[in-house]
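A.B. asks: mind looking at a prediction? Sequence and model below.
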Protein chains: 2
Amino acid sequence: MTKDKHQALIENFEKEVSLNEVEKEIIRDYFHFFTIQKKKDLLRSGDICNYTFFILKGCTRSFNIDEKGIERIQNFGFENYWVGDLLSLFTGEPSSLTIETIEHSQILKIHKDDLENLYNEVPQLERFFRILYQKAYVSSLKRLNKMVQFSASENYNQLIKEQPNLLQRVPLAYIASYLGIAPESLSRIRRNS
Amino acid sequence: MTKDKHQALIENFEKEVSLNEVEKEIIRDYFHFFTIQKKKDLLRSGDICNYTFFILKGCTRSFNIDEKGIERIQNFGFENYWVGDLLSLFTGEPSSLTIETIEHSQILKIHKDDLENLYNEVPQLERFFRILYQKAYVSSLKRLNKMVQFSASENYNQLIKEQPNLLQRVPLAYIASYLGIAPESLSRIRRNS
DNA sequence: CGATTTTCTTAACATAGGTTAAGTCAATTT
DNA sequence: AAATTGACTTAACCTATGTTAAGAAAATCG
C-alpha cells in the first residue's frame, strides 16, 4: 500500500465540496508533488506567479522588500495552507512577493492554466477557490484592522495566543517582521510580557 | 428629454463589459435611486449589509468602532464609487461597519437578492463584480502595506497628492481617522510639511 | 572539540505619535 | 450682536517603537 501524497489535499477540498473517485483522480493528476530544501524560493519577487502551492509538510514565509529596503513578511504558510500571490495570479503581472521555505518542505503545486482546466473538469472547485479567495480578502481586512487599532505588543500577545506553535517553528526576527517592528523591539516586548 | 439617473452607473459598467439597450433597461429596473441627507446612515454597524450602493453625487465614509471605542474610517466614497460591506454581503453576517453620508447625496442601490437575479439576466455583470471584488482585495492589501511601511506623515502627504480634492470635501478629523492617528497629530504633521 | 556565525537580548538615546488641555477662528443659533 | 458650537491648532508632557551598538546564547561549521 503506497502512501497517497495527495491525501491531505483531497481532504482539504472535501471540507467545502464533495468529490467522487474519478474527480479525485483528476485532481491527483493536476497537482504535482515536490520537495524543497529550507531557505529556497517558491516564488521570486519580479517573477509572475504561475503556480498555486499547497503545503503538505514544512513551512514558508511570503515577504516583500519595502521602499526602505526592509523585508516585510506578509504571512506564513504551514501544513494544509495555500500559498502563492493572488495579485500576480489574478493580474498576470510580476509579483512583488518572494515566497521562501523556512523548513525543508513537501509541496503540491498546480499551474494557473491547469487550474483553469481543472475548473472545467471538476466544477465544484470553482466554488472552493472562490471561497478561498474570499477568505484571503477577509484575512487581509482583519490584519489591516489589527495593525491600525492595536499596539505591536498587543498584536504579539494575540498572535502567540492564537498560534503558539509559531514560536517553535519560525525565528523571532520573522515574527518581528510580520508584526511590522524591529527585532530589538520584539525582544523588549517579550521581556515586558 | 428627462435626465437619466442611471447614466453614470451604465457608463461605469461599460468600462468593463458591453451592454445592449435591453440589458441597460434591465439594469435601470434593478437599481433604485434615492437621495439622502448628510450625516445619515446607509448601513449601521450590527445590521446585515443587504445592499450594494453606487454613489451618483455626494460622499460617504465607512467606519467601525474599535475595541477602544475609537471610530476608524476604512474608506471614503465619492461619485462613481461602490460602497457597502463586502464581508457582510458575502457571509450574511452582521456588519461591523457603519456607512454614513458626509454630504447630501444621490445614490443607487441594489438588494443582494436582486443582484443575484441580475447576474442571471445580464451575465456579463458577474464578471464586472468579480473584478470589482478583486480590486477591493487588492486595495486592502495595498493599504495594509502602506500602513506598515510608511509613517503617518508619509501617508498623509501621499494621500493629498493622490486625492487633493479630499481636503475640500472631508473634515481633517476624518482624514486623521483614516490615517489611523489623532486629529492633533495630523495638525502637527500638516504644520511640519 | 573549538571557532564561527546566527539569533536573540540589552542598554542608551532619538523620534513619532498619543494625551490632555487650552486657545483660535469661523459658522450657526438666538 | 452676543452666545454657542464645531473645526482645527498649539503646547507640554508621556510612551512606544526605532536606531545604534554591544554583548550573550545558541546553532553550525571546520
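C.D. replies: Here it is on my side, so go on.

A.B. asks: list the contacts for A:N192?
C.D. replies: Neighbour list for A:N192: A:S153 [criterion: CB atoms under 8 Å, 6 or more residues apart in numbering or on different chains]. In this view, the C-beta of every residue, glycine as well, is placed from N, C-alpha and C.

A.B. asks: which residues in chain A form helices?
C.D. replies: Assigned by DSSP state H, chain A shows helices spanning A:7-14, A:21-30, A:86-91, A:112-121, A:124-149, A:152-162, A:166-169, A:172-179, A:183-191.

A.B. asks: and the gap between the residue positioned nearest the centre of chain A and B:L179?
C.D. replies: Ranked by distance to the mean C-alpha position of chain A (CA atoms, centre = their mean), the top residue is A:V83 at 3.0 Å. A:V83 sits 31 Å away from B:L179, going by CB to CB, to the nearest Å.

A.B. asks: can you pull the domain assignment for chain A?
C.D. replies: Listed by automatic domain parsing, the domain ranges of chain A are A:7-138, A:150-193.

A.B. asks: list the contacts for the nearest residue to A:L132 once chain neighbours are set aside?
C.D. replies: Spatially, and ignoring its direct neighbours in sequence, A:L132 is nearest to A:W82 (6.2 Å; CB to CB, 6 or more residues apart in numbering or on different chains). Applying CB under 8 Å, 6+ apart to A:W82 gives the contacts A:T52, A:F53, A:F54, A:I55, A:L132.

A.B. asks: and these, which are buried?
C.D. replies: Taking 16 or more other CB atoms under 10 Å in any protein chain shown as the criterion, what is buried in these is A:T52, A:F53, A:F54, A:I55, A:L132.

A.B. asks: tell me who's in contact with A:H111.
C.D. replies: Contacts of A:H111 (CB under 8 Å, 6+ apart): A:N50, A:Y51.

A.B. asks: contacting residues around the closest residue to A:V83 other than its chain neighbours?
C.D. replies: Among residues not flanking A:V83 along the chain, A:G77 sits closest, at 4.1 Å (CB to CB, 6+ apart). Residues near A:G77 by CB under 8 Å, 6+ apart: A:F53, A:I55, A:C59, A:T60, A:R61, A:S62, A:V83, A:I99.

A.B. asks: please apply the same query to A:E79.
C.D. replies: Applying CB under 8 Å, 6+ apart to A:E79 gives the contacts A:A8, A:I55, A:L56, A:K57, A:G58.

A.B. asks: out of these, which is nearest to B:R191?
C.D. replies: A:I55 (49.5 Å; CB to CB).

A.B. asks: quick check: the closest one touching A:I107?
C.D. replies: Yes: A:I55 is within contact range of A:I107, at 5.7 Å (criterion: CB atoms under 8 Å).

A.B. asks: before we move on, the earlier item: filter the contacts of A:G77 down to the ones in strands?
C.D. replies: With DSSP state E as the criterion, strands contain A:F53, A:I55, A:T60, A:R61, A:S62, A:V83, A:I99 from among those.

A.B. asks: pairing partners for the last one in the sheet, please.
C.D. replies: This points to A:I99. Note on A:I99: beta-bridge partners by DSSP bridges are A:L43, A:S62.

A.B. asks: likewise the first one?
C.D. replies: For A:F53, the beta-bridge partners under DSSP bridges are A:V83, A:K109.

A.B. asks: list the contacts for it?
C.D. replies: Going by CB under 8 Å, 6+ apart, A:F53 touches A:L42, A:T60, A:G77, A:W82, A:V83, A:G84, A:I99, A:I107, A:L108, A:K109.

A.B. asks: report pLDDT for A:H104.
C.D. replies: The model reports A:H104 with a pLDDT of 92.

A.B. asks: how many residues are close by it?
C.D. replies: 14 (other CB atoms under 10 Å in any protein chain shown).

A.B. asks: need the contact list for it.
C.D. replies: By CB under 8 Å, 6+ apart, the neighbours of A:H104 are A:T35, A:I36, A:Q37, A:K38, A:G58.

A.B. asks: just the buried ones from the residues you listed?
C.D. replies: Buried by 16+ other CB under 10 Å: A:I36, A:G58, out of those.

A.B. asks: farthest pair in the buried ones among the contacts of A:W82?
C.D. replies: Maximum pairwise distance among the buried ones among the contacts of A:W82 (CB to CB): 13.9 Å, between A:I55 and A:L132.

A.B. asks: any buried residues in stretch A:39-50, and which?
C.D. replies: A:L42, A:L43, A:S45, A:C49, A:N50.

A.B. asks: the third one touches A:E71, doesn't it?
C.D. replies: No: when contacts are counted by CB under 8 Å, A:S45 is not listed as touching A:E71 (10.4 Å).
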